[in-house]
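Enquirer: Requesting a structural model of the entry that follows:
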Amino acid sequence: PGTDPEAISAMRNALAEEREVSVTILNYRKDGSAFWNNLHISPAHDANQTLTHFVGVQVDVTERVHAERNRDLLLEATSVLSAVIDQQDTVEQVARILVPTLADVCVGYLQVDPGPNDYDSLVQQVALEIAPDLRGSDPIGAELPATLPITDRLHGLGWVLESGETTWIPSIGPDEVEEAAFVLNDVGIRRSLTGASLVITPIASPTRIYGCLAILATSPAHLLRQPDISLLRDVGRRIGAAYDTLRLYQQAQDAIRARDAFLSTAAHEFRTPIVSIKGYTQFLMRSVQRETLTSERLQIGLGTIDSAVNRLTTLADDLISVSHRSLDHLPLHREPVDLRRYLEWFFAPDGPAAQKGYSCAVSIADADMWVSADTERLHQVLTVLLGNAVKFSPVDSPVFIHAAPDADGVTVTVTDLGVGLLPGEEQSIFEPFTRTEGGVRDHLSGLGIGLFIARSIMERHEGRIWASSAGRNLGTSVSFWLPGIPAPSADPASDSQPEV
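Expert: Modelled structure (predicted):
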């Protein structure tokens, strides 16, 4: 088995035609082991040019055949990886290169990020290639689901994904057949796995393990040797490097799109108050020239200019905050703060929220909520959350505030009844220069950096911030959590309210 029938036919034809022939064929030793044999046969004639016999010389060229095969495989795989545009498609192409030239079965897996309720690591099968002579109708092993948790049944695969090392079973024993069948997802394989050779090698770069390849060799022609293991390890590393390149390219493209969107949005955001300043300045100047300037006109004009300048100041401050965050230089002046009292002041009838015209339904637990915080930064975070809640909600729609302690800290939640979030936007809204689909659709103002700044402030406080939504037009909740501290012996806020 495995001997090339064309090579046998060429040799027989040459013998029948009494001519010289040289072929390289798969041969077998007495012990049943396979080797590649270069056979050269020459006819021998007597003085009358009558064929008397044939002279044959054979040389074991297994090392050379394997080296040439592995070189060609690596070149072909490298060619595929040089044009990688999709992770799954790349693994499928590499699997088709390895089977049946090097192995009989190749299964490709990629790691999957676990969901919020998943505690096990997950993998997803993305490629399965089986040599034609192994395909049958009855499965040997259990069929893998779309995603598979790394359990004890997959300890070999799990070890590879965790360690980044290659595992090699030169000959599968009876106690390893079940797991090998499960790992390979060998639906329809007709040949017994006992005695076959199995390699699991990681798809990995120096910084990340993306998945792995599981390769099975059952036929004598595919006897896996140490150079083959080195080849498979190299292929896995090259796929990982290609994935790194693809990931960096995608990040660069995302950054370019975010930059272009930001520049467009920033130009609009800055242009609006500038137009107001320019327009009312010209209005006041004409009024002076025509001697029609009244105190009422002056008050309206200066008020509009002041409002526009405040808007420009806010935009500039946001950009400066992003710059500080990028350089990790965001100023922070932390002190013990009773968050309950701070929130009561912030949402009081004459507090900062009311001064901005925000209508809030506030629920604050009647308990001490001591945290170590910078009150100026807290003011900034609350202003961002309230501003977004009002901006993305119907006119006069209330905003709900809830604050309560937990075992380790304090959670504050701001909930609106507005446009809501689409799946995936719960995370993306905290990235810089990112705007929601609803905000773009409704042409709402904003640079897309407020929540990024809020997240940065929370991280500097060893806290966290997150968002949730039931879907479009079903409102949004944004919560932040700060670690609690013991109440100090003296209340530093007892004599005065925080300055804002």
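
Enquirer: And what about residue 199, helix, strand or coil?
Expert: strand (DSSP: H, G, I helix; E, B strand; the rest coil).

Enquirer: beta partners of it?
Expert: Judged by DSSP bridges, the bridge partners of residue 199 are residue 168, residue 215.

Enquirer: Quick one: residues contacting it.
Expert: Residues in contact with residue 199 (Cβ atoms under 8 Å, 6 or more residues apart in numbering) are 166, 167, 168, 169, 213, 214, 215, 224, 228, 229, 232. No exception for glycine: its C-beta is placed from N, CA and C like everyone else's.

Enquirer: rerun at 10 Å
Expert: Neighbouring residues of residue 199 by Cβ atoms under 10 Å, 6 or more residues apart in numbering: 103, 106, 160, 166-170, 212-217, 224, 228-229, 232-233, 236.

Enquirer: Buried ones only from those residues, please, as a PyMOL command.
Expert: A single PyMOL command selects the buried members of the contacts of residue 199 (16 or more other Cβ atoms under 10 Å):
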select buried, resi 103+106+160+166+167+168+169+212+213+214+215+216+217+224+228+229+232+233+236
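
Enquirer: In helices only, show me the contacts of residue 199.
Expert: Using DSSP state H, the subset of the contacts of residue 199 located in helices is 160, 228, 229, 232, 233, 236.

Enquirer: Export these as TSV, with columns for pLDDT and distance to residue 76.
Expert: Formatted as TSV, the ones in helices among the contacts of residue 199 follow (pLDDT from 0 to 100; distance: Cβ to Cβ, whole Å):
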residue	pLDDT	distance to residue 76
160	89	24
228	89	15
229	91	19
232	93	14
233	93	17
236	92	15
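
Enquirer: is it possible to export those to a markdown table including distance to residue 87?
Expert: As requested, these are exported to a markdown table (distance: Cβ to Cβ, whole Å):
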| residue | distance to residue 87 |
| --- | --- |
| 160 | 18 |
| 228 | 24 |
| 229 | 24 |
| 232 | 18 |
| 233 | 19 |
| 236 | 13 |
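
Enquirer: so which of those comes closest to residue 481?
Expert: Within the ones in helices among the contacts of residue 199, proximity to residue 481 (Cβ to Cβ) peaks at residue 160, which comes in at 36.7 Å.

Enquirer: Correct me if wrong: that closest one contacts residue 167.
Expert: Yes - Residue 160 is within contact range of residue 167, at 5.6 Å (criterion: Cβ atoms under 10 Å).

Enquirer: what's the overlap in contacts for the two?
Expert: With Cβ under 10 Å, 6+ apart as the test, residue 160 and residue 167 both reach 199, 200, 201, 202, 212, 214.

Enquirer: can you map out the helices along the protein?
Expert: Using DSSP H, helices in the chain cover 5-16, 62-81, 87-98, 155-163, 177-184, 226-289, 295-326, 339-346, 352-355, 375-391, 425-428, 437-441, 450-460.

Enquirer: Relative to residue 50, which of these is closest?
Expert: helix 5-16 (15.7 Å).

Enquirer: where are the low-confidence patches of the stretch 201-350 of the chain?
Expert: Within the stretch 201-350 of the chain, the stretches with pLDDT under 70 are 220-221, 261-262, 264-266, 268-269, 318, 320-331.

Enquirer: Ignoring the adjacent residues along the chain, who's closest to residue 385?
Expert: Computed as Cβ to Cβ, 6 or more residues apart in numbering, the closest residue to residue 385 that is not its neighbour in sequence is residue 414, at 4.3 Å.

Enquirer: Can you convert the helices of the chain into JSON lines and add a column each for distance to residue 45?
Expert: Compiled in JSON lines, these are given as follows (distance: least, Cβ to Cβ, whole Å):
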{"stretch": "helix 5-16", "distance to residue 45": "14"}
{"stretch": "helix 62-81", "distance to residue 45": "32"}
{"stretch": "helix 87-98", "distance to residue 45": "46"}
{"stretch": "helix 155-163", "distance to residue 45": "60"}
{"stretch": "helix 177-184", "distance to residue 45": "55"}
{"stretch": "helix 226-289", "distance to residue 45": "43"}
{"stretch": "helix 295-326", "distance to residue 45": "87"}
{"stretch": "helix 339-346", "distance to residue 45": "106"}
{"stretch": "helix 352-355", "distance to residue 45": "110"}
{"stretch": "helix 375-391", "distance to residue 45": "97"}
{"stretch": "helix 425-428", "distance to residue 45": "83"}
{"stretch": "helix 437-441", "distance to residue 45": "86"}
{"stretch": "helix 450-460", "distance to residue 45": "89"}
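
Enquirer: now the nearest residue to residue 283 once chain neighbours are set aside: how far from residue 355?
Expert: Computed as Cβ to Cβ, 6+ apart, the closest residue to residue 283 that is not its neighbour in sequence is residue 301, at 5.9 Å. Residue 301 sits 23 Å away from residue 355, going by Cβ to Cβ, to the nearest Å.

Enquirer: out of the two, which sits in the busier spot?
Expert: Each of residue 301 and residue 355 has its neighbours counted (other Cβ atoms under 10 Å); residue 301 has more, 21 against 10.

Enquirer: Now do the contacts for that one.
Expert: Neighbours of residue 301 in contact, by Cβ under 10 Å, 6+ apart: 276, 277, 279, 280, 281, 282, 283, 284, 285, 287, 293.

Enquirer: again, only using 6 Å
Expert: The contact partners of residue 301, taken as Cβ atoms under 6 Å, 6 or more residues apart in numbering, are 280, 283, 284.

Enquirer: of all the residues you listed, which comes closest to residue 365?
Expert: residue 280 (46.7 Å).

Enquirer: Do I have it right that that closest one meets residue 305?
Expert: Yes - using Cβ atoms under 6 Å, residue 280 is in contact with residue 305, at 5.3 Å.

Enquirer: pull the longest strand from the protein.
Expert: The residue-count maximum for a strand in the chain (DSSP state E) belongs to strand 34-45.

Enquirer: Can I get that one in PDB, CA atoms only?
Expert: The C-alpha trace of strand 34-45 is given here as PDB (Å, rounded to 0.1, in the frame of the first residue of the first chain):
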ATOM      1  CA  ALA A  34       8.300   1.600   4.900                       C
ATOM      2  CA  PHE A  35      11.100   3.400   3.200                       C
ATOM      3  CA  TRP A  36      11.700   5.300  -0.100                       C
ATOM      4  CA  ASN A  37      13.800   3.300  -2.600                       C
ATOM      5  CA  ASN A  38      15.500   4.700  -5.600                       C
ATOM      6  CA  LEU A  39      15.700   1.700  -8.000                       C
ATOM      7  CA  HIS A  40      17.800   1.900 -11.200                       C
ATOM      8  CA  ILE A  41      17.500  -1.100 -13.500                       C
ATOM      9  CA  SER A  42      19.700  -1.600 -16.600                       C
ATOM     10  CA  PRO A  43      19.500  -4.400 -19.200                       C
ATOM     11  CA  ALA A  44      22.600  -6.700 -19.800                       C
ATOM     12  CA  HIS A  45      23.300  -8.200 -23.200                       C
END
